[in-house]
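Asker: here is my input; please provide its structure:
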Amino acid sequence: YNKNGLAFYVFRKSQGVWELAFGVLADDIKEACIDALILRFDTDVPELFYHHGKRQVVEVRAKKYSLWHIYLNNAYVGSIQYDTFTKQFNYHLDDNCLLTDDHVQKYIVLIQRGELKWIKDDIR
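Answerer: Numbers count the residues shown, from 1 in each chain. Next up is the predicted model:
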């Protein structure tokens, strides 16, 4: 605490991982702050959730040719593709993935709304 009774905490992102760099917080408060930072500043992260007490961060990364790769804690788990001829989205998820079809449908809606990046540079 400083002389005004205020406490300061510094969070930083190092090698893709958010951490408390300065200050002391209870673990649950620290994790809640990190969750909020991920959702606010990691633009390719449409959601995060907890499974068996472990944070699961979903990233939907735009690639060329109307393709997105889906990662769960930096591990590839599937993809979404937009077919320019049929104007339909198709996707696949790896077997035994924690994500469901409902999750992917939600990400497709976010792409359609422009809330997730779409690299529209198809020259085919």
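
Asker: got the contact list for the residue nearest to the spatial centre of the chain?
Answerer: Closest to where the C-alpha atoms of the chain average out (Cα atoms, centre = their mean) is residue 45, at 1.8 Å. Applying Cβ atoms under 8 Å, 6 or more residues apart in numbering, we find residue 45 in contact with 38-39, 57-59. (Each C-beta comes from the backbone N, C-alpha and C, glycine too.)

Asker: host element of it?
Answerer: Here residue 45, judged by DSSP states H and E, is contained in no helix and no strand.

Asker: then the one 3 residues further on?
Answerer: Secondary structure assignment for residue 48, by DSSP H and E: strand 47-51.

Asker: again with residue 39
Answerer: Secondary structure (DSSP H and E) places residue 39 in helix 27-41.

Asker: would you mind listing the buried residues in that helix?
Answerer: 30, 34-35, 38 (16 or more other Cβ atoms under 10 Å).

Asker: ok, stretch 9-26 next?
Answerer: Buried positions in stretch 9-26, judged by neighbour count with 16+ other Cβ under 10 Å: 11, 18, 20.

Asker: okay, and which of those residues map to strands?
Answerer: Among those, the ones falling in strands (DSSP state E) are 11, 18, 20.

Asker: going by distance to residue 67, which of those residues wins?
Answerer: Comparing these against residue 67 with Cβ to Cβ picks out residue 18 as the nearest, at 27.4 Å.

Asker: distance of the closest one relative to residue 46?
Answerer: Distance of residue 18 to residue 46, given as Cβ to Cβ, to the nearest Å: 17 Å.

Asker: what of residue 4?
Answerer: Taking Cβ to Cβ, one finds residue 4 at 39 Å from residue 46.

Asker: do residue 37 as well
Answerer: The gap separating residue 37 from residue 46 is 15 Å, by Cβ to Cβ.
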